[in-house]
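Enquirer: Here you go, sequence then predicted model.
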Amino acid sequence: MRGMNDLVRQAQIMQKKMAKVQEDLAARTVEGTSGGGMVVAVVNGANELQALRIDASVVDPTDVEMLQDLIVAAVADGVKKSKEMAEAEMGQITGGLKIPGLF
């Protein structure tokens, strides 16, 4: 029974560490870019879009589709980088073990 109590205690410690990392990740940001940096999406570690910067030179009223594509690509890049950052941080706690639904 002692072994089971130790396992439960270790799981509780890991859960607290993961909650702290998730809190820290929400305060950290990454930048996704497209168009050679003409569009920049700032995404936090909770995969939330925080800011979007668009260089005026890519704003062409006759080609709105291109701007839309650049925005989508920058946000997708930011979300991808955010997930990679979260996986790296959580991987340090879980020892690389992929826990479904964690990130």
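Expert: Great, that's in hand. Numbering: from 1, shown residues only.
Enquirer: Now do the contacts for residue 77.
Expert: 32, 33, 34, 41 (CB atoms under 8 Å, 6 or more residues apart in numbering). From N, CA and C alone the C-beta is placed, and that goes for glycine too.
Enquirer: do that again at 6 Å, thanks
Expert: Residues in contact with residue 77 (CB atoms under 6 Å, 6 or more residues apart in numbering) are residue 32.
Enquirer: Tell me the spacing between it and residue 30.
Expert: For residue 77, the distance to residue 30 (CB to CB, to the nearest Å) stands at 9 Å.
Enquirer: Ok, residue 7 next?
Expert: Distance, residue 7 to residue 30, using CB to CB: 35 Å.
Enquirer: neighbour-wise, which of those two wins?
Expert: Each of residue 7 and residue 30 has its neighbours counted (other CB atoms under 10 Å); residue 30 has more, 20 against 10.
Enquirer: Run through the residues that contact the more buried one.
Expert: If you count contacts by CB under 6 Å, 6+ apart, residue 30 has them with 43, 81, 82, 85.
Enquirer: List the ones among the residues you listed that fall in strands.
Expert: Counting by DSSP state E, the part of those found in strands is residue 43.
Enquirer: Spatially, which two of the contacts of residue 30 are the most separated?
Expert: Taking CB to CB as the measure, these reach their widest spread between 43 and 85, a distance of 9.4 Å.
Enquirer: of the two, who's got more company?
Expert: Using other CB under 10 Å as the criterion, residue 43 and residue 85 rank with residue 43 on top: 27 against 18.
Enquirer: Let me see the confidence value for that one.
Expert: For residue 43, the model assigns a pLDDT of 97.
Enquirer: Could you list which residues are in contact with it?
Expert: By CB under 6 Å, 6+ apart, the contact list for residue 43 reads 30, 49, 78, 79, 82.
Enquirer: Quick check: closest non-adjacent residue to residue 48.
Expert: Of all residues beyond its chain neighbours, the one nearest residue 48 is residue 26 (7.7 Å), with distances taken as CB to CB, 6 or more residues apart in numbering.
Enquirer: What about the one you found, how many residues nearby?
Expert: By the criterion of other CB under 10 Å, residue 26 has 14 neighbours.
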